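Novice: After the sequence you'll find the predicted model.
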Amino acid sequence: MRSNRPFSSLLTGRSVTWASVVINTALTALKFLAGLVSGSQTILADGLHSGSDLVTDVAVLVGLDYANRPADRAHPYGHHRITALVAMFVGVVLLVAGAYIALKAIMTLRNPIQPIEAVFPFWVAAASIPIKELLYQITAYVGRKTSDLSLLANAWHHRSDAFTSVAAAAGLGGAMLGGASWAMLDSVTALVLSAFLVVVAVQISLSSIAELLDRAPSAETLEGIRGAVAATRGVRGYHAVRARQAGGRVEMDIHVQVDPSLTVKEGHDIASAVKYAAMGADAKVVAVIVHVEPAK
């Protein structure tokens, strides 16, 4: 029986990460084989980066499983923040990978690859570029859809692997076309791209730290929530709005002022209406605590 589910509904954090595990395993093995056969240090370094993708894939899978566990006595607010920790881990791995690529590029400036060794690893590096870019696009799409920092960070790790393959292919291609005198293209391009990787790694790590420190959601999100609360029937005013991000979700509390002559039930009904209004204002809002106060 054919499934009527749209393709986009099959794209989940787990499905795209498992696909990444399979692809990265194959690419890592192929790049190491090319390096061993040809003696090319460039493709071996590229294979090491693909291997680091496997490490972050496993971390993301563990984080996704843990983040979706229900709240318990030890974790009454749930486990959503694990995604920020995983994203920070991926950021650190990216930072180390960028530093390693830069160091390797500097070292290989003195030892360029030989033209005869470049053909096989060149085609391996070139073939991996569109594959890893596609993984980036799909993983980033799911990460944005679910507001999952760990997926967005892993997406950039995929793109960084594509970039290092570009650098490898550039140097290997130069060696094929222009001989050993052009082989330095590999190292020069790798140095430029490693700097870019370091910048991305720092941005990912800072975003993760900000979420762990209870960073508020965007001003646009807060403005939408405030407008929905103000428009709720029975609300005369509100104050003490607090909101924080946790695993791509928003948790908040708010004090609303109502007619002091209302019954407890009527006040409770208004509080419930405020809660659902805030959650309806933005899909990322998953928890709202409403305090009811008498209006002056």
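Specialist: Nice, I can see it.

Novice: where does the stretch 101-250 of the chain dip in pLDDT?
Specialist: Applying pLDDT under 70 to the stretch 101-250 of the chain picks out residues 110-118, 175, 179-181, 183, 185-187, 189-190, 193, 247-248.

Novice: where do the helices sit along it?
Specialist: Under the criterion DSSP state H, counting those that start in this stretch, the stretch 101-250 of the chain contains helices at 119-146, 149-178, 184-212, 219-230.

Novice: looking at this protein, which residue lies furthest from center?
Specialist: In the chain, the greatest distance from the average C-alpha position (Cα atoms, centre = their mean) is reached by residue 261, at 49.7 Å.

Novice: That one - that's part of a helix, no?
Specialist: No - counting by DSSP: H, G, I helix; E, B strand; the rest coil, residue 261 is not found in a helix; it is coil.

Novice: so what's the backbone phi/psi at it?
Specialist: Dihedral pair for residue 261: phi -90, psi 0, per degrees, to the nearest 10.

Novice: How much space separates it from residue 234?
Specialist: 12 Å (Cβ to Cβ, to the nearest Å). Quick note: C-beta positions are derived from backbone N, CA and C, even for glycine.

Novice: my guess is residue 128 contacts residue 167, does it?
Specialist: No - Residue 128 is beyond contact range of residue 167, at 11.8 Å (criterion: Cβ atoms under 8 Å).

Novice: Looking at these two, which one has more neighbours?
Specialist: Neighbour tally, residue 128 and residue 167, criterion other Cβ atoms under 10 Å: the higher count belongs to residue 128, 28 against 25.

Novice: Give me the neighbour count for residue 77.
Specialist: For residue 77, the count of nearby residues is 10 (other Cβ under 10 Å).

Novice: tell me the secondary structure for it?
Specialist: Under three-state DSSP, residue 77 comes out as coil.

Novice: Let me know the helix or strand that the nearest residue to it once chain neighbours are set aside is in.
Specialist: For residue 77, ignoring the flanking residues on the chain, the nearest one in space by Cβ to Cβ, 6 or more residues apart in numbering is residue 71 at 6.4 Å. Residue 71 belongs to no helix or strand when elements are defined using DSSP states H and E.

Novice: Contact partners for residue 71?
Specialist: 77-79 (Cβ atoms under 8 Å, 6 or more residues apart in numbering).

Novice: likewise residue 120?
Specialist: For residue 120, counting by Cβ under 8 Å, 6+ apart, the contacting residues are 34, 37-38.

Novice: Scan those residues and report the most crowded one.
Specialist: residue 34 (25 neighbours).

Novice: got the contact list for that residue?
Specialist: Residue 34 makes contacts with 40, 43, 47, 120-121, 124, as judged by Cβ under 8 Å, 6+ apart.

Novice: how far away is it from residue 170?
Specialist: Residue 34 is 16 Å from residue 170, by Cβ to Cβ.

Novice: Check residue 150 too.
Specialist: For residue 150 relative to residue 170 (Cβ to Cβ), the value is 31 Å.

Novice: now do residue 291
Specialist: 60 Å.

Novice: So for those two, which sits in the more crowded spot?
Specialist: residue 170 (22 against 14).

Novice: Contacts for whichever strand or helix holds residue 254 next, please.
Specialist: Taking DSSP H and E as the definition, residue 254 sits inside strand 249-258. If you take Cβ under 8 Å, 6+ apart as the criterion, strand 249-258 is touched by 77, 80, 147, 217, 221, 225, 229, 232, 234-244, 266-267, 270-271, 274, 278, 282, 284-296.

Novice: Just the buried subset of these, please.
Specialist: 80, 147, 217, 221, 225, 229, 232, 234-235, 238, 241, 243-244, 267, 270-271, 274, 278, 282, 284-288, 290, 292-293 (16 or more other Cβ atoms under 10 Å).

Novice: Tell me how far stretch 154-161 lies from the chain's centre.
Specialist: 9 Å (Cα atoms, centre = their mean, to the nearest Å).

Novice: ugh, wrong one, I meant stretch 133-153
Specialist: 6 Å.

Novice: pLDDT value on the residue nearest to residue 77, please?
Specialist: On the pLDDT scale, residue 71 is placed at 77.

Novice: From residue 246, how far out is it?
Specialist: 12 Å.

Novice: Which neighbours do those two have in common?
Specialist: Shared contacts of residue 71 and residue 246 (Cβ under 8 Å, 6+ apart): 77-78.
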